[in-house]
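In: Mind folding the following:
(2 chains)
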Protein chains: 2
Amino acid sequence: MAGRLVVLGGGAAGMSAASAARRVDPTLDVVVLESTGFAAAGLCGLPYHLAGLVPEAEDLVAYPPSYFRERRGIDLRLGTEVHGVDPARRLVHHDGGRPLEYSALVVATGGRPSTIPLPRPDRPGFVVRTVEDTVALRALVDGGTVRRALVIGAGYIGLETAEALVARGVSVTVAERIDRVLPTTVDAEVAAVVEEHVRGHVDLRLGTDAIPLAADRSFDVVVTCTGVRPAADLLADAGADTGPGGAVLVDDRMRTSLPGVWAAGDCIAPYHRVLGAPAFVPLGPTANKTGRVAGTVAAGGDARFAGIVGTAVVKVFDLEVARTGLTLAEARTAGLDAVAADVVSRSRAKYYPGVRPLHVRVVHEPGGRLLGAQFVGVEGAAKRVDVVATALHAGLSVDDLADLDLSYAPPYAPVYDPVLAVAQAAQRETAAAR
Amino acid sequence: MAGRLVVLGGGAAGMSAASAARRVDPTLDVVVLESTGFAAAGLCGLPYHLAGLVPEAEDLVAYPPSYFRERRGIDLRLGTEVHGVDPARRLVHHDGGRPLEYSALVVATGGRPSTIPLPRPDRPGFVVRTVEDTVALRALVDGGTVRRALVIGAGYIGLETAEALVARGVSVTVAERIDRVLPTTVDAEVAAVVEEHVRGHVDLRLGTDAIPLAADRSFDVVVTCTGVRPAADLLADAGADTGPGGAVLVDDRMRTSLPGVWAAGDCIAPYHRVLGAPAFVPLGPTANKTGRVAGTVAAGGDARFAGIVGTAVVKVFDLEVARTGLTLAEARTAGLDAVAADVVSRSRAKYYPGVRPLHVRVVHEPGGRLLGAQFVGVEGAAKRVDVVATALHAGLSVDDLADLDLSYAPPYAPVYDPVLAVAQAAQRETAAAR
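Out: Prediction:
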């Protein structure tokens, strides 16, 4: 065999890996096995297809299958389920024919939505994870028979899904087991700002067990958005080391503990630079980057993944909600001596039309080590979080953050940008506590 | 004398200095001498007052004079012109009475618009630098007699002023001596994007001597926006060391070369971290921060200014134009071995409604040292530049920039943020050149 790279999973990570490997070694036989009918689909766009903002599901696809097959010479096999990996014999067992031999294997099997046992199996139940899931839910909504929907889970996918259904004229109830929205995204104090906004759009039931609620016959559809777990079974069964949440452990070159096997995307726990440990944070940019590293290295090239700092943003109706690093709760769970400072700053100069409040929290150690930040506002949150993400990557302190030379013009920021304002608040509170 | 801090200039820097000094030492006698009738006015907002977006000039004032006098115990004297500083005798000569003795002096006299000799002194000529200037120009426009205006200079104040006049229904000609817009803000290639946009709104004459043009009787008003020089004469006359553009040289505590004299704001050349030398970059955030440092230290406290990295943003009609660090031209003038990489990325996921192109240039050394970046687009430029500003502050490389964990959601960015995309382009071009 001249060398065959097999990639399991044709999502962002898998297709990035296949494309990177092809660039490194044009002689390599590159095969991608994907269980669904879509490859290189942007799953983060699924709620916007449901909402009708993205007319066709195909619009979410970065490149069509023909592009990968013809232009990149990648043997992309859609609708192919994989049953097992045999790392000793370097074989992949799948339902598309005889076992496939590989010289290098990249596992990019992604995430799997967690589910809960629901009453009334006669009524349509959905998740929003694959293109097929979403197309099916959208078809039902398009049919005009969905008047009331129950969304289970007020995490970011639950709120995006609720927003999409509301945009389609559906009356939505969101039920969340925890007593607040976005429980894994932001701290409770920040979530309270989001909660108030969400209540203007949906019937929000916090601290609520959804199972009895789902028995209510007035809901025409139930959508379960209770989180994603790593689809790591294949590798775990083959003996690979796993870590947080059961995700596959990898080094900075995306090597698993199994020889000849790399992994990337939502099934892994990459290194978190602020935690100093692996973390399961399944998001699109990391999938793309780790896929690229895995494919490059598996094909004989050199690349390293620098790690994540836990940056995320979500649109929740008219709000931008962003976070990076660790929340106060996460920092304390990790055993850090963490405190938080909060400000309500502004998105523009106070006299400039359209100025909106911007809530900012910075999380730090009393000694000045920066740990994270959270932003909520109608504008100015989504990309401002990246300043703190960059500061975290570079290991800057709260004092450094207050010193940054950030852009100012009245339409875009106050003269002391909200990032500077929250850093100054943290400095003042630290000084006062001494 | 129990100790008197005299501050020359009641702008952002002067009032920041006075307020900071008051916090450090509540027993200090703090006197501010300001030549105009306004203190703590946000000069960056003047074009928006002219445009009518900010109804009252008073809206631009951070705090009214009574606030400083009554709440902060600052002896603020408006309309007071200063004629000289005698550092040996610690005296300030002014037109409001006998010479004022000081124990510490903070000079925050700001900038002064450069002017050119214009024909037809009978016709109203303006600058947009003080509240009074702008109120007078706005009154003329409000009067309804201004149909055509000539704006001299296509730097950022010229373009902001042109936009404001267009918003008031005035037909505007912009004449610029150099053959491109924003000559001190962005490189020519980036300016070309802005130029095309500006031509949709005004009659733009590049590479044009404005003096003969100003003789044209069809212009009802001429506004000169040909740059700002440091108002450093008082200190230079008193013997203080000056540097780039004639601005006052200070150390990181805002000490001038004269004992007992600090300086801050648009009259100084603060340390530029990327240049590794002082630079004259008169902007609001630096005025506020250096004022605070000067006032704190002059009153006996401790503070340091970390320096600038040359970040700026300007709204030009519907475009956001932002830059940080050094342009390619600036880097080469500084003797650096600099190259640039350019991409046209997107402000949102390509399938998300409202997505717009975002032009990004990164400037770097072939070895990977990051030197600067420029962004132009209808959205997504203004605050994205701050990621690179933070990277420059921290000394990150182009490779580091490509590794950043930046926020992603389809409404706010492509999965590879434009910052990552331009860093990758720089990496590819560097690799190809080897």
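
In: okay, CA-based contacts and neighbour counts for the rest of this
Out: Will do.

In: Disregarding residues adjacent in the polypeptide, which is nearest to the residue nearest the centre of chain A?
Out: Residue closest to the mean C-alpha point of chain A, counted by CA atoms, centre = their mean, is residue A:283 at 2.7 Å. Nearest residue to residue A:283, sequence neighbours excluded (CA to CA, 6 or more residues apart in numbering or on different chains): residue A:266, at 6.8 Å.

In: Just to be sure, that neighbour is in a strand?
Out: No: under DSSP: H, G, I helix; E, B strand; the rest coil, residue A:266 sits outside any strand and is assigned helix.

In: What segments of chain A are helices?
Out: Secondary structure of chain A (DSSP state H): helices at A:12-24, A:46-50, A:65-66, A:131-142, A:156-167, A:188-199, A:210-213, A:233-237, A:284-298, A:328-333, A:385-394, A:398-403, A:418-433.

In: Pipe those helices into CSV and attach distance to residue B:238 per row.
Out: Output for the helices of chain A, formatted as CSV (distance: least, CA to CA, whole Å):
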stretch, distance to residue B:238
helix A:12-24, 64
helix A:46-50, 65
helix A:65-66, 74
helix A:131-142, 73
helix A:156-167, 62
helix A:188-199, 53
helix A:210-213, 77
helix A:233-237, 76
helix A:284-298, 57
helix A:328-333, 53
helix A:385-394, 42
helix A:398-403, 31
helix A:418-433, 35
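
In: Could you export those to JSON lines, including columns for distance to residue A:339, mean pLDDT and mean neighbour count?
Out: Supplementary listing: the helices of chain A in JSON lines, determined by distance: least, CA to CA, whole Å; pLDDT from 0 to 100; neighbours: other CA atoms under 10 Å in any protein chain shown:
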{"stretch": "helix A:12-24", "distance to residue A:339": "36", "mean pLDDT": "98", "mean neighbour count": "27"}
{"stretch": "helix A:46-50", "distance to residue A:339": "35", "mean pLDDT": "97", "mean neighbour count": "26"}
{"stretch": "helix A:65-66", "distance to residue A:339": "49", "mean pLDDT": "96", "mean neighbour count": "16"}
{"stretch": "helix A:131-142", "distance to residue A:339": "41", "mean pLDDT": "95", "mean neighbour count": "17"}
{"stretch": "helix A:156-167", "distance to residue A:339": "25", "mean pLDDT": "98", "mean neighbour count": "25"}
{"stretch": "helix A:188-199", "distance to residue A:339": "13", "mean pLDDT": "98", "mean neighbour count": "17"}
{"stretch": "helix A:210-213", "distance to residue A:339": "34", "mean pLDDT": "94", "mean neighbour count": "16"}
{"stretch": "helix A:233-237", "distance to residue A:339": "38", "mean pLDDT": "96", "mean neighbour count": "18"}
{"stretch": "helix A:284-298", "distance to residue A:339": "28", "mean pLDDT": "98", "mean neighbour count": "28"}
{"stretch": "helix A:328-333", "distance to residue A:339": "7", "mean pLDDT": "98", "mean neighbour count": "18"}
{"stretch": "helix A:385-394", "distance to residue A:339": "16", "mean pLDDT": "98", "mean neighbour count": "27"}
{"stretch": "helix A:398-403", "distance to residue A:339": "12", "mean pLDDT": "98", "mean neighbour count": "21"}
{"stretch": "helix A:418-433", "distance to residue A:339": "9", "mean pLDDT": "95", "mean neighbour count": "19"}
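
In: got the contact list for residue A:304?
Out: A:252, A:253, A:254, A:293 (CA atoms under 8 Å, 6 or more residues apart in numbering or on different chains).

In: correct me, but the third one touches residue A:263?
Out: It stands for residue A:254. Yes: using CA atoms under 8 Å, residue A:254 makes contact with residue A:263 at a distance of 5.7 Å.

In: okay, and the common contacts of these two?
Out: residue A:294.

In: The two: who's more crowded?
Out: For residue A:254 and residue A:263, the more surrounded residue by other CA atoms under 10 Å in any protein chain shown is residue A:263, and the numbers stand at 35 against 30.

In: partner residues bridging the more buried one?
Out: In this entry, residue A:263 is beta-bridged to residue A:107, by DSSP bridges.

In: Give me the pLDDT value at it.
Out: What the model reports as pLDDT for residue A:263 is 98.

In: just checking, residue A:157 touches residue A:225?
Out: Yes: between residue A:157 and residue A:225 a contact is recorded at 6.1 Å, counting by CA under 8 Å.

In: Can you check which residues contact both of the two?
Out: Jointly contacting residue A:157 and residue A:225 under the rule CA under 8 Å, 6+ apart are residue A:128.

In: isn't residue A:209 right up against residue A:179?
Out: No: contact criterion CA under 8 Å: residue A:209 and residue A:179 do not qualify, at 10.6 Å.

In: Just list the residues touching residue A:112, thanks.
Out: With CA under 8 Å, 6+ apart, residue A:112 has these contacts: A:129, A:228, A:229, A:230, A:231.

In: so who does residue A:377 touch?
Out: A:319, A:320, A:321, A:356, A:357, A:358, A:359.

In: Which pair of those spans the longest distance?
Out: A:321 and A:356 (14.0 Å; CA to CA).

In: Have a look at those two and say which one is more surrounded.
Out: The neighbour comparison of residue A:321 against residue A:356 (other CA under 10 Å) goes to residue A:321, with 29 against 18.

In: Am I right that that one is in contact with residue A:313?
Out: Yes: in terms of CA under 8 Å, residue A:321 counts as a neighbour of residue A:313; the distance is 5.6 Å.
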